[in-house]
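Visitor: Turn this into a model:
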Amino acid sequence: MSEQPAATHKSLTRQDMRTLGLASLGGALEFYDFIIFVYFATVIGQLFFPPELPEWAKQLQTFGIFAAGYLARPLGGIVMAHFGDKMGRKKMFAFSILLMAISTLGMGLLPTYADIGLAAPILLLVLRLFQGAAIGGEVPGAWVFVAEHVPANRIGLGGGLVTSGLTIGILMGSLAATWLNSVFTPEEILDVAWRYPFLMGGVFGLVAVYLRRWLSETPVFQAMKARKALSEELPLRVVARDHRGGVIISMALTGLLSAGIIVMILMMPAVLQKYYGIGVQDSLRANSVATVFLSVGCVLAGLLIDRIGAARFFTWLSPIAGIAALIMLVTLRDSPALLMPLSALVGLCVGIVGAVPHAMVHVFPPAVRFSGISTSYNVAYAVFGGLTPIAVTLMLQASPIAPAIYVLILGAVGVAAGLGLKRVRQYAV
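Guide: A predicted model of the protein is given here:
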């Protein structure tokens with residue numbers, strides 16, 4: 001099968017920059033919408049479940065609904081990817097953010113348990129499932145869309161910028177929660193202010209939907225359609241039958257990505273507070289610093305992988321996030337004053353995850369690329385997303401440096417993936 005190059009020019013044009021900007025902006029807003037739920041879990045638990053329930057039961061059910069979003073990711077991602085390979089990348093790219101915007105807006109307008117009883121948590125669960133389906137299509141869709149637009153020698157940079165946008169969405173959620181808690185009293189938040197971050201996310205999402213109207217279909221898909229080279233079979237069947245090596249490598253790299261994000265960004269504030277005696281404000285401030293440097297690291301990783309290639313990049317650099325985490329956790333025992341610079345170092349090194357899209361888009365041919373990436377990424381992320389917090393929590397009972405050890409283990413998996421990239425067929429984008 002012959003492949004259409006992503007672009008004939010060597011440098012980013014104004015159109016490429018607009019595509020990257022809109023894709024990154026939409027990804028940031030969509031990740032904000034997906035993550036904002038967890039910052040208001042306590043409030044949601046009080047408002048959407050019977051008041052006579054114990055607090056632990058409310059929290060358990062609230063986090064159960066939060067987790068349901070992760071479980072919906074594989075199904076939503078696979079379905080959207082199927083139509084993305086059959087009908088076009090742009091349509092699914094726009095649909096994913098529309099679904100997220102409507103779901104988040106719906107959460108902000110949802111009646112509480114006091115208003116409609118048991119229907120409130122049920123509707124909340126339905127909207128959370130829609131959010132999960134949307135994010136399942138957004139991430140691989142953004143990677144494919146950008147890779148098939150930019151020049152072949154800038155695919156790493158494009159993927160790094162989009163992934164950086166996703167991490168900024170996490171930071172936006174954290175800042176929104178901080179702002180709300182500083183401006184409103186707990187009573188005001190419980191009354192109505194909790195709705196504001198969801199309403200803002202929904203409105204901004206609809207604006208992003210409108211802006212994505214200005215994006216064009218990828219040259220790769222247009223060329224396949226003109227040549228009648230779209231997959232005649234079910235794309236997922238082709239992936240499972242002919243591209244198992246690509247699936248294994250993509251799932252391994254997703255494991256590396258999830259370890260960096262879940263352990264070193266999402267779990268780290270709680271770890272620092274419980275096992276290192278660092279205060280809430282300092283741990284959250286350090287987390288924000290790490291997230292900012294993570295965004296920078298994603299872009300740098302994209303630039304580097306364009307120069308040295310995916311196989312060398314992951315073979316050499318996969319352990320770096322775990323090494324940085326180990327340095328931080330060992331040093332903090334005696335030098336807690338170094339928390340901020342160490343957090344910056346960890347965030348920068350976790351930025352290697354920004355190179356993951358470059359590897360994934362090259363291990364699947366264009367006709368089934370969306371389905372291959374989406375299936376591998378979403379299934380692996382659902383597994384690692386569910387098991388990682390449990391595994392790290394259990395490991396912490398033995399040692400406070402367990403998070404670093406876990407990330408180092410997944411770093412070894414990344415090295416194996418890098419070696420595997422030398423043996424798996426690479427497809428031109």
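Visitor: Report pLDDT for the closest residue to residue 196 other than its chain neighbours.
Guide: In space, and not counting its chain neighbours, residue 196 is closest to residue 180: 6.7 Å by Cβ to Cβ, 6 or more residues apart in numbering. (Glycine included, C-beta is placed from N, CA and C.) pLDDT recorded at residue 180 is 87.
Visitor: Buried residues, the host helix or strand of residue 180. List them.
Guide: For residue 180, the host element (DSSP states H and E) is helix 155-183. In terms of neighbour count (16 or more other Cβ atoms under 10 Å), helix 155-183 has its buried residues at 155-174, 176-177, 180.
Visitor: Surely the residue nearest to residue 196 is in contact with residue 192?
Guide: No. Taking contacts as Cβ atoms under 8 Å, residue 180 lies outside contact range of residue 192: 11.3 Å.
Visitor: now the helices for the stretch 301-429 of the chain?
Guide: 310-317, 320-332, 339-350, 356-362, 369-396, 402-421 (DSSP state H, counting those that start in this stretch).
Visitor: And the fifth one, what's buried?
Guide: Applying a neighbour-count criterion of 16+ other Cβ under 10 Å, one finds 369-385, 388-389, 391-392, 395-396 buried in helix 369-396.
Visitor: what do you get for the fourth one?
Guide: Within helix 356-362, the residues that qualify as buried are 356, 357, 358, 359, 360, 361, 362, counting by 16+ other Cβ under 10 Å.
Visitor: cool, stretch 265-282 as well?
Guide: Here stretch 265-282 shows 265, 266, 267, 268, 269, 271, 272, 275, 278, 282 as buried, counting by 16+ other Cβ under 10 Å.
Visitor: For stretch 317-333, give the mean pLDDT please.
Guide: 96.
Visitor: Quick one: residues in contact with it.
Guide: Outside stretch 317-333, the residues that touch it by Cβ atoms under 8 Å, 6 or more residues apart in numbering are 256, 259-260, 263-264, 272, 276, 278, 301, 338-339, 342-343, 345-346, 348-350, 352, 355, 400-401, 403-405, 407-415, 417-418.
Visitor: can you check stretch 376-383 too?
Guide: 70-71, 73-74, 76-78, 136, 139-140, 246-247, 250-252, 254-255, 257-258, 360.
Visitor: Any of these buried? List them.
Guide: 70, 73-74, 76-78, 136, 139-140, 246-247, 250-252, 254-255, 257-258, 360.
Visitor: Give me the distance between the two termini of stretch 347-359.
Guide: 21 Å (Cα to Cα, to the nearest Å).
Visitor: Check stretch 35-46 too.
Guide: End to end - Cα to Cα - stretch 35-46 spans 19 Å.
Visitor: Now find how far off-centre that stretch is within its chain.
Guide: Distance, stretch centre to chain centre, for stretch 35-46: 19 Å (Cα atoms, centre = their mean, to the nearest Å).
Visitor: And for stretch 151-162?
Guide: So, by Cα atoms, centre = their mean, the centroid of stretch 151-162 is 17 Å from its chain's centroid.
Visitor: What are the contacting residues of that stretch?
Guide: 5-12, 16, 20, 23-24, 27, 142-143, 146-147, 149-150, 298-306, 354-358, 361-362, 428-429.
Visitor: quick revisit: for PyMOL, write a command that selects the buried ones of the contacts of stretch 317-333.
Guide: Applying 16+ other Cβ under 10 Å to the contacts of stretch 317-333 leaves a buried subset, and the PyMOL line that selects it is:
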select buried, resi 256+259+260+263+264+272+278+301+339+342+343+345+346+348+349+350+352+355+400+401+403+404+405+407+408+409+410+411+413+414+415+417+418
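Visitor: Enumerate every residue touching the residue of the chain positioned farthest from its centre.
Guide: Going by Cα atoms, centre = their mean, the residue of the chain most distant from its centre is residue 52, 36.0 Å out. When contacts are counted by Cβ under 8 Å, 6+ apart, residue 52 touches no other residue.
Visitor: tell me the secondary structure for it?
Guide: Under DSSP: H, G, I helix; E, B strand; the rest coil, the three-state class of residue 52 is coil.
Visitor: which intervals of the protein have sub-threshold pLDDT?
Guide: Applying pLDDT under 70 to the chain flags residues 1-10.
Visitor: in it, which residue is closest to the centre?
Guide: Short answer for the chain (Cα atoms, centre = their mean): residue 166, at 5.9 Å.
Visitor: Next, the contact list for that residue, please.
Guide: Taking Cβ under 8 Å, 6+ apart, one finds 27, 28, 31, 139, 142 in contact with residue 166.
Visitor: Then residue 227?
Guide: Applying Cβ under 8 Å, 6+ apart, we find residue 227 in contact with no residue.
Visitor: which phi and psi does it have?
Guide: In terms of degrees, to the nearest 10, the main-chain angles of residue 227 are phi -90, psi 0.
Visitor: Repeat that for residue 217.
Guide: Per degrees, to the nearest 10, the backbone of residue 217 is at phi -60, psi 150.
Visitor: No further queries at this time; thank you.
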